[in-house]
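> Structure of the sequence below:
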Amino acid sequence: MSTELSEIQRDQLLQNLVIPPRPEILDRLQALRNDSESPLQELSDIVTSDPALSIAMLKAANSPALGQGRKIQSISQAINLLGVNNVIHLASGLVLRSRLTQESPAALELFWERAMQVAAITGQLSERLTQAPDECQSFALFHACGIAILLMREPNYPRTLQLMEIADDIRACKVEQQLHGTDHAIVGYLVAKVWNMPENFARAIQVQYDPDVFHSGPGAPLDHDGRMMVAITRAALHIWRTATPGREDPGWPSRSAAVLAYLGLDLVEFEDWRDHLHQQMAGV
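Below is the predicted model of the structure:
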């Protein structure tokens, strides 16, 4: 599976894609993440300064995936209950959603609902692992953002998504290439580049479906942090996909061994934790 993108291909894609500039609020949120003092009031001020963001934040904070078990009624309460980092990640995802997709057809609403839930699961899995990079939740929010762009650009893309749902990971990207001349991993990589995300972060989006993505040593496509971001997000995606009884994850059988080995989890331990998350998401 080729993951290289020439400058000519990149320029051609950028001519055809409408990628808005990086929002200034992301820089403010990132600055708070890097501030050891973690000023709660400043974070609250940033979120509440945007009424639409505040409403979306409260809706997301009360989702079953976060499993708080109590109604969150204010941004301050969300920060106190969820923690600064979780709220910053939630806010970043909601900003990503609002800036990349101004329209809200049903397919886009479903996509962003999935993205927020996968990011929340990623955050919980990251807390169980000792070597999870801080960027894992951000990566989970960004890793499939190319889908949002393609949903707006390609009228027939919702049908493509249906075909991707029944394919394994590599085949899903091939379906996109056959029908649209590109795939969401490449488009997501371009979004990350235009938004000045770190190179390793952008590269992880591009190569996340590469069968060799977890290889280390000379010529490895990613460093350890990049591989961890891909592995944790893929495990979280599996948990989300199988949360509905009877729903399958066609790509998991071919990737589970490599993903869990890189995370240092055995299958029984992971499946027990997955079942616990399923019960939490169902409100049991």
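> list the buried ones in stretch 128-138?
129, 132-133, 135-138 (16 or more other CB atoms under 10 Å). Backbone N, C-alpha and C define where each C-beta goes, glycine included.
> and Ser126, how many neighbours does it have?
Counted with other CB atoms under 10 Å, residues neighbouring Ser126 total 22.
> er, Glu271 actually
15.
> Could you look up the SS state of it?
Recorded secondary structure, Glu271: helix (DSSP: H, G, I helix; E, B strand; the rest coil).
> What is the least confident helix or strand in this protein?
Ranking every helix and strand in the chain by mean pLDDT, DSSP states H and E puts helix 7-16 at the bottom, with a mean of 62.
> so what does the helix or strand just after it touch, helix or strand wise?
Of the helices and strands lying after helix 7-16 in sequence (DSSP states H and E), the nearest is helix 24-33. When contacts are defined as 3 or more CB pairs under 8 Å, 6 or more residues apart in numbering; DSSP states H and E, helix 24-33 sits against helix 40-48, helix 84-100.
> Show me what counts as buried in the next helix or strand after the shortest one.
Scanning forward in sequence from helix 40-48, with DSSP H and E defining helices and strands, the next element found is helix 51-61. Across helix 51-61, burial judged by 16+ other CB under 10 Å covers 53-54, 56-58, 60-61.
> could you dump the helices and strands packed on helix 24-33 to CSV with mean neighbour count?
Formatted as CSV, these follow (neighbours: other CB atoms under 10 Å):
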stretch, mean neighbour count
helix 40-48, 17
helix 84-100, 22
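> what's the average pLDDT for the longest helix belonging to the chain?
Assignment by DSSP state H gives helix 106-128 as the longest helix of the chain. In this model, helix 106-128 has a mean pLDDT of 84.
> Quick check: next helix or strand after that helix?
Counting by DSSP H and E, what follows helix 106-128 is helix 136-142.
> Take that following helix, keep the C-alpha atoms, and write them as CSV.
Presented in CSV, the C-alpha positions along helix 136-142 are these (Å, rounded to 0.1, in the frame of the first residue of the first chain):
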residue,chain,number,x,y,z
CYS,A,136,-3.8,10.7,21.4
GLN,A,137,-7.2,12.3,21.9
SER,A,138,-6.4,15.0,19.4
PHE,A,139,-5.3,12.4,16.9
ALA,A,140,-8.5,10.4,17.5
LEU,A,141,-10.4,13.6,16.6
PHE,A,142,-8.3,14.3,13.5
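> That one - contacts with which helices or strands?
Partner elements for helix 136-142 (3+ CB pairs under 8 Å, 6+ apart): helix 84-100, helix 106-128, helix 184-194, helix 199-207, helix 224-241.
> Pull out the buried residues from the last one.
By neighbour count, with 16+ other CB under 10 Å as the criterion, the buried positions of helix 224-241 are 225-241.
> Tell me, how many residues neighbour Arg203?
Neighbours around Arg203, by other CB under 10 Å: 19.
> what sits against it?
189, 221-222, 226 (CB atoms under 8 Å, 6 or more residues apart in numbering).
> 10 Å instead?
For Arg203, the residues meeting the contact criterion (CB atoms under 10 Å, 6 or more residues apart in numbering) are 3, 189, 192-193, 197, 221-223, 226.
> Can you turn the buried part of those residues into a ChimeraX selection?
With 16+ other CB under 10 Å as the criterion, this ChimeraX line picks the buried residues out of the contacts of Arg203:
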select :3,189,192,193,197,221,222,226
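> CSV please, covering the contacts of Arg203 and showing pLDDT and distance to His143.
Output for the contacts of Arg203, formatted as CSV (pLDDT from 0 to 100; distance: CB to CB, whole Å):
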residue, pLDDT, distance to His143
Thr3, 55, 14
Tyr189, 92, 10
Ala192, 87, 10
Lys193, 87, 14
Met197, 84, 11
Pro221, 88, 15
Leu222, 94, 13
Asp223, 93, 17
Gly226, 94, 11
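> Out of the contacts of Arg203, which comes closest to His276?
Proximity of the contacts of Arg203 to His276 was ranked by CB to CB; the top entry is Gly226 with 27.8 Å.
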